[in-house]
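**Student:** quick check, what structure comes out for this input:
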Amino acid sequence: MEQFINAIPKAELHIHIEGSLEPELMFAIAARNGVELPYRSVEEVRRAYEFTNLQSFLDIYYAGARVLQREDDFYDLAWAYFERARAQNVRHAEIFFDPQTHTGRGVPFSAVINGLHRAVTDARVRLGISARLILCFLRHLSADAVMVTLREALPYRERIVAVGLDSSEVGHPPEKFAAVFDTARQEGFLTVAHAGEEGPPEYIRQALDLLGAARIDHGVRCLEDPALVARLVAEEVPLTVCPLSNVKLRVFSNMAQHNLKQLLEAGLVVTVNSDDPAYFGGYVSENYLAAAQALHLDRATLVRLAENSFRAAFLPEDEKSVLLAELAAVADKFS
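**Tutor:** Sure, this is the predicted structure:
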């Protein structure tokens, strides 16, 4: 099963690049930039990765991101992710980045976007991975602050396919940012949003109605609202589900309790992704494998998940067709 999962081509649509900062790279960049970390070793950092909820994770996530200060730091961060993704046959990635995490510390927006864009360009040429960048707004900040970030992004719009919404969900409903997302769509950006992870199904509905979200990131709580599920199925709205993340952050007590299989059985367009892999114990293949083992998913279901990942991607139809054909050919070799 592990060999099969690694072999099949797949897309990853829910990966926070700051969340791929492995402790080894964190220490290397900290040393390069003269940043003192609150940890004495890589092992001590990993021991800290025991979370009780989303906020307990975010506290460590933001602390680790402090080491990222220069354009080369963001390049190195993204390049490390792309190398791991290539080893797992990720053929396309849509990568979240959080500029406010960095600009709030005085790091120029240009350093963030230029470093990431260089890595995206190199990944296509050197690794054969296509990638798009999705700018995520921090929902625990004000709508005014988010609008400032959107304005900062406009000179770089050709490098950014969509805008999204992440960070602390509870108490920060999508409706808080409706005006910002209206502006973003007017400026030509696609939109996505984290909703229905810890927040209620109503947040998913708001993301669709008020933010114009083309995809829902997480969305696992939608099953609590049958009418919402019917709408998501009818409108073929993809969900970017992150199984290991959901367990690590106690959305589900263990993988056997995860509702991924029920989401699929309900007819939803489900994709599997890694979220913040350095913190949650695995990249995309590890997420496929953990779900397959705990939920007894067969190869046909895993292929369906990979197909969904390409169909839900922000890619031209001709590129999707090529990737889907590649997936079918690899799957046939294992039949």
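
**Student:** give the contact list for the closest residue in space to D225 that isn't next to it in sequence.
**Tutor:** Nearest non-adjacent residue to D225, counting by C-beta to C-beta, 6 or more residues apart in numbering: P201, 3.9 Å away. Backbone N, C-alpha and C define where each C-beta goes, glycine included. Counting by C-beta atoms under 8 Å, 6 or more residues apart in numbering, P201 touches 221-222, 224-225, 228.

**Student:** before we move on, what about D122?
**Tutor:** Listed by C-beta under 8 Å, 6+ apart, the contact set of D122 reads 79, 82.

**Student:** immediately after the helix or strand where it lies, which helix or strand?
**Tutor:** For D122, the host element (DSSP states H and E) is helix 109-122. Helices and strands here follow DSSP H and E; after helix 109-122, the next one along the chain is strand 130-138.

**Student:** what does that following strand rub up against?
**Tutor:** With contact meaning C-beta under 8 Å, 6+ apart, strand 130-138 is reached by 16, 82, 91-101, 113, 116-117, 120, 123-124, 146, 149-150, 153, 159-167, 177, 180, 192, 314-315, 319.

**Student:** repeat that for 6 Å
**Tutor:** By C-beta atoms under 6 Å, 6 or more residues apart in numbering, the surrounding residues in contact with strand 130-138 are 92-96, 98, 100, 116, 120, 123-124, 146, 153, 159-167, 314.

**Student:** strands of the chain, start to end?
**Tutor:** For the chain, applying DSSP state E gives strands covering 10-16, 90-97, 130-138, 160-166, 190-195, 215-218, 238-241, 269-272.

**Student:** now for those strands, which one comes closest to P173?
**Tutor:** Proximity to P173 (C-beta to C-beta) singles out strand 190-195 among the strands of the chain, at 8.8 Å.

**Student:** other SSEs contacting that closest one?
**Tutor:** strand 160-166, helix 201-211, strand 215-218 (3 or more C-beta pairs under 6 Å, 6 or more residues apart in numbering; DSSP states H and E).

**Student:** go again with 8 Å.
**Tutor:** For strand 190-195, the elements it packs on are strand 160-166, helix 178-186, helix 201-211, strand 215-218, judged by 3 or more C-beta pairs under 8 Å, 6 or more residues apart in numbering; DSSP states H and E.

**Student:** just say which of these is most tucked in.
**Tutor:** Burial of the helices and strands packed on strand 190-195 is given as mean neighbour count (mean count of other C-beta atoms under 10 Å); strand 215-218 ranks first at a mean of 26.

**Student:** and that strand, how far out from the chain middle?
**Tutor:** Relative to its parent chain, strand 215-218 has a centroid offset of 9 Å by C-alpha atoms, centre = their mean, to the nearest Å.
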